[in-house]
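>>> whatever this is, show me its structure:
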Amino acid sequence: MKEEEILEELLEDVNNMRILRHMETAKVDYAKNIMRYTEIDKLIVFQYLKKFQEMGLLEIYGNTSIKRTDAKLKKSAEVHKHHTYFRITRLGEIILKMADCRSYLSLLNDSCIERLYIRRYRIIEPEDCDRRIVKMGLIDRHGKLTETGQKTLNLAIRRGFGK
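Coordinates of the predicted model:
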């Protein structure tokens with residue numbers, strides 16, 4: 001898979017980005033701890049981790065002990081492994097750098113952008129056509145624009161949407 005194809009697939013689900021951004025911060029972590037930080041169910045997190053491993057975004061961390069210099073969220077200086085730890089790869093870091101508002105905007109059609117625009121000034125209940133932008137994390141489940149949704153909409157307006 002090309003980097004652009006991987007990015008497109010990841011942007012379609014906000015949980016992909018939440019877990020990968022967590023891994024970027026943590027550097028090395030395991031499913032249960034990711035669950036604590038992202039508030040995503042542990043089994044779902046583990047499925048995402050396996051998918052990311054197959055895509056080459058994560059790899060299994062092979063050392064027998066974990067040092068705080070490797071795992072940034074560890075509280076103690078060094079611990080022995082009791083879980084399967086994952087580490088973000090260089091490809092994973094590159095993909096995260098590529099994920100910005102331009103990437104989201106390239107995936108949206110005019111009707112999706114219009115639905116974001118409506119939410120700029122008032123909160124409306126999500127409709128069926130909003131399922132995609134909710135799943136992408138551009139609006140929350142209550143119909144309110146997220147920070148990423150606001151930035152993406154601002155970029156669309158700067159590029160001439162609605163003129």
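
>>> next structured bit after the helix or strand of the chain with the lowest mean pLDDT?
Lowest mean confidence among the helices and strands of the chain (mean pLDDT, DSSP states H and E): strand 78-80, at a mean of 54. Per DSSP states H and E, strand 78-80 leads on to strand 85-88 as the next helix or strand towards the C-terminus.

>>> report the backbone C-alpha coordinates of that next one in PDB.
The C-alpha atoms that make up strand 85-88 are tabulated as PDB, following Å, rounded to 0.1, in the frame of the first residue of the first chain:
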ATOM      1  CA  TYR A  85       4.400  -3.900  23.700                       C
ATOM      2  CA  PHE A  86       4.100  -2.100  20.400                       C
ATOM      3  CA  ARG A  87       6.400   0.600  18.900                       C
ATOM      4  CA  ILE A  88       5.500   3.100  16.200                       C
END
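
>>> strands paired with it, and their directions?
strand 28-30 (antiparallel), strand 58-60 (antiparallel) (DSSP bridges).

>>> of all those, which lies closest to Gln47?
Among the strands paired with strand 85-88, strand 58-60 comes nearest to Gln47, with 12.6 Å by C-beta to C-beta. C-betas here are computed from N, CA, C, even on glycine.
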